[in-house]
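1. please find the sequence and the predicted model below.
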Amino acid sequence: MVSLRDPFMDWVRKLDEIAEAVSFEGSIAKIDARNLTHKELNDLIRMCVEKGAERIILKNVCGQRYIGTRLYFPGKRVEIEIFGTPGNDLGMFMNGHRIIVHGNAQDGVGNTMNDGEIIVEGRAGDVVAMSMRGGRIFIRDDVGYRTAIHMKEYKDKVPVLVVGGSTQDFLGEYMAGGVVLLLGLTLNDLKHKASYIGTGMHGGVMYVRGRIENHQLGKEVGVVEMEEEDYRKVEELVRDYLKYFDDVSKLDEIMGEKFTKLIPVSKRPYGRIYTY
């Protein structure tokens, strides 16, 4: 017997049911994510933007993935404020919006992000800024493994990642462009523990506040002296970090510590394994 059910209409009816989780106050939309799957939540976020929301407040978020994706609206910038813990791939493919997380985030924050800004008032998991190609990410505390892996830049798009704490191994692995700033504010002795920093790195720059030893670095990365332009760039990013998370009066204290500048020593470290 052939079913006459229409899957699309079934989903429309489901969307009507979950729409009860949304309330509007002018251009501000509020969504209670308590009983929503990641697909239901993201459908509601998109629906809110289509209805004119400029700011979306998400309450009771608990592990829903992909928040901030599927929101390609050229020329429109939406702010998403998250209370709770978003799941993997927060802001994946994001193109110009702004996400603020009042808490921690899981893996893949800013995966292949193209533009916009993500601010996490806590720590984040592994592969933060993976393949990020534009925009800015600010993490207040620590991050996990393989942060900034495959980060890249193209013409006027230069992605920026600022981490207030420290990182696990393989920071900047295969990094091809962009700027990473590691402040070490969660370390008692300002000594970073990560190994294999910059392994396979062939573009971009990393600035590390605190102590790192040569044995912690990948063979594809080198240490060079900070120049006046580097200090200006770092100070500007530190000011923004403090504006989001802390007290701007701590600027001198943070800038008073030593910064290490890391750049690649090869443009194509693994070129010999390819046939072209």
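-> All right, it came through fine.
2. my guess is Leu217 meets Ile197, correct?
-> Yes - between Leu217 and Ile197 a contact is recorded at 5.2 Å, counting by CB atoms under 8 Å. Where you see a C-beta, it was placed from the backbone N, CA and C, and this is true even at glycine.
3. what do those two both touch?
-> Shared contacts of Leu217 and Ile197, defined by CB atoms under 8 Å, 6 or more residues apart in numbering, are found at Leu262.
4. which one's more surrounded, the two?
-> Taking other CB atoms under 10 Å, Leu217 and Ile197 do not tie; Ile197 has more neighbours (25 against 22).
5. distance of the more buried one from Phe93?
-> Using CB to CB, to the nearest Å, one obtains 27 Å as the distance from Ile197 to Phe93.
6. check Met132 too.
-> 11 Å.
7. which neighbours do the two share?
-> Asn111, Thr112, Met113.
8. from those residues, which is closest to Glu229?
-> Met113 (25.3 Å; CB to CB).
9. what residues are up against that closest one?
-> Contacts of Met113 by CB under 8 Å, 6+ apart are Gly91, Met92, Phe93, Met94, Ala129, Met132, Arg133, Gly134, Gly135, Ile137, Pro159.
10. among those, which lie within strands?
-> Using DSSP state E, the members of the contacts of Met113 that fall within strands are Ile137.
11. shaky segments in the stretch 1-150 of the chain?
-> Along the stretch 1-150 of the chain, segments meeting pLDDT under 70 span 1-15.
12. all helices of it, in order?
-> 7-18, 38-50 (DSSP state H, counting those that start in this stretch).
13. returning to what we had before: neighbour count for Met132 and Phe93, which is higher?
-> Met132 (32 against 18).
14. pLDDT wise, what is the residue nearest to that one when sequence neighbours are not counted at?
-> Once flanking residues are discounted, Met132 sits nearest to Pro159: 4.3 Å by CB to CB, 6 or more residues apart in numbering. For Pro159, the model assigns a pLDDT of 98.
15. need the contact list for Pro159.
-> Taking CB under 8 Å, 6+ apart, we find Pro159 in contact with 113, 129, 132-137, 151-153, 177-179.
16. how much space separates it from Gln168?
-> In terms of CB to CB, Pro159 sits 20 Å off from Gln168.
17. buried ones in stretch 234-249?
-> The neighbour-count check on stretch 234-249 (16 or more other CB atoms under 10 Å) flags Val234, Leu237, Val238, Asp240, Tyr241, Leu242, Tyr244, Phe245 as buried.
18. SS state for the second one?
-> Remark: Leu237 carries the secondary structure label helix [criterion: DSSP: H, G, I helix; E, B strand; the rest coil].
19. check contacts around it.
-> Val160, Val162, Val179, Leu181.
20. which two of those have the greatest separation?
-> Val162 and Val179 (8.6 Å).
21. those two: who's more crowded?
-> Ranked by neighbour count (other CB under 10 Å), Val162 and Val179 place Val162 first, with 23 against 20.
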